[in-house]
Each structure stands twice: as C-alpha cells, then as structure tokens.
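Novice: Next input, structure requested:
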Amino acid sequence: MLQLDAESLYAELRQGVTHLLQPESVLVGIWSGGAWLAERLQRDLARPGGDKGFGVISSTLHRDDFSERGLSGGTDATRLPFPIDGAHIVLIDDVLYTGRTIRAVVNELFDFGRPASVTLAVLVDRGGREMPVAAAFAAAKIVLPAAQRLSLARDEAGRFSFAVEESS
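Specialist: Numbers count the residues shown, from 1 in each chain. Below you'll find the model as predicted:
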C-alpha cells in the first residue's frame, strides 16, 4: 500500500515555492486541497497581505465534465482579493492528474483578468496527463492506477495527510 507523508511533502513544496516566487507574486490555491496549501504557505512564508493575501479559485464552472459533476465542489469558493490583470500567479494544487482541473482554473482566472504569468506548483504529480499541463514544481511524482484516487485531508490542527481510495 502506498504511504505518503503529506507533512514532509508540504515542507518540500514550501521550499520549492520559495524559488518560484517573485516579490510581486501572489498565491492562488485551487479549491479545496490547493486552497489549504496556499493558506498555509501564505502564513509560513510570511507573504504580503497576511492571512488574507492569498486567493482561492474553483474549477467547477469551467470543467469539461460539468454536465456529469454539476455544481459539486465549491462554486462559490473563488476569492481573489487582488487584481488579476498583470499579476504573477503561483497556482497551488494538491494532486496533478489529468490536467483538466488546471485547464478549467486557468479559464476561470481569465474571467477575472489577464495575468502576466501563471506558474503551477503541486504537492503530488501522479502522472496520467490528458492535457498538455506540467507543474514547475512537484514535491513528489508517483504512479497510481487509474482506478485509485489520491486525496489530501487536513485535520483540526491544520496537519495534512493523504488517503488512497478506489474510484467509483
């Protein structure tokens, strides 16, 4: 059984993101695991804007499987407390798989403006890409069967863990 230490991987992600950040960069986390990571990175890296200086974005309205999934998954989660036009965005997600969520999120970002750049950092890249998407930084690269799903969880103390589940 696959065992991943999410807290150790978070430490790797934190280190990797420091190399991606420019002074004017902003963090944007993808709802929900990426948002948890961006929130903690914002605090741990003492980014400008304090606890409210990071953004959260949902992929729901731009997904190509919207007809199958519907409005599940944080349609009202998008919160971007800074202008997107000209912004250098470091997009944070927990697990990169097919690339479809990233495509949807980039479309959502462009609904709010035109960023100067978008750089992707993920906790885990599990391969299996269906879209031409790559992370500038991944704390870990693993291979999972398509029938398995890797999910990030956060406990009440804010510590991260992973669960591997069989997809339905």
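Novice: and the most centrally placed residue in the chain, what element?
Specialist: Most central in the chain under C-alpha atoms, centre = their mean is residue 93, positioned 1.5 Å from the mean C-alpha point. Per DSSP states H and E, residue 93 falls inside strand 88-96.
Novice: Quick check: beta-bridge partners of the closest residue in space to residue 35 that isn't next to it in sequence?
Specialist: Of all residues not flanking residue 35 in the chain, residue 29 sits nearest, at 3.8 Å (C-beta to C-beta, 6 or more residues apart in numbering). Quick note: C-beta positions are derived from backbone N, CA and C, even for glycine. Here residue 29 sits in beta bridges with residue 56, residue 92, going by DSSP bridges.
Novice: about what we covered before: only C-alpha atoms, please: export the strand holding residue 93 in PDB.
Specialist: The C-alpha coordinates for strand 88-96 follow below in PDB (Å, rounded to 0.1, in the frame of the first residue of the first chain):
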ATOM      1  CA  HIS A  88       2.300  36.900 -11.400                       C
ATOM      2  CA  ILE A  89       0.300  34.000 -10.000                       C
ATOM      3  CA  VAL A  90       1.700  30.900  -8.400                       C
ATOM      4  CA  LEU A  91      -1.100  28.400  -8.700                       C
ATOM      5  CA  ILE A  92      -1.100  25.800  -5.900                       C
ATOM      6  CA  ASP A  93      -2.800  22.400  -6.100                       C
ATOM      7  CA  ASP A  94      -2.600  19.200  -4.100                       C
ATOM      8  CA  VAL A  95      -2.600  16.500  -6.800                       C
ATOM      9  CA  LEU A  96      -2.000  16.900 -10.500                       C
END
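Novice: After it, which helix or strand is next? Please name it.
Specialist: With elements assigned by DSSP H and E, the helix or strand that comes after strand 88-96 is helix 100-112.
Novice: Run the angle between that following helix and strand 88-96 for me.
Specialist: Interaxial angle, helix 100-112 versus strand 88-96 (axes from the mean of the first three to the mean of the last three C-alpha atoms, to 10 degrees): 150 degrees.
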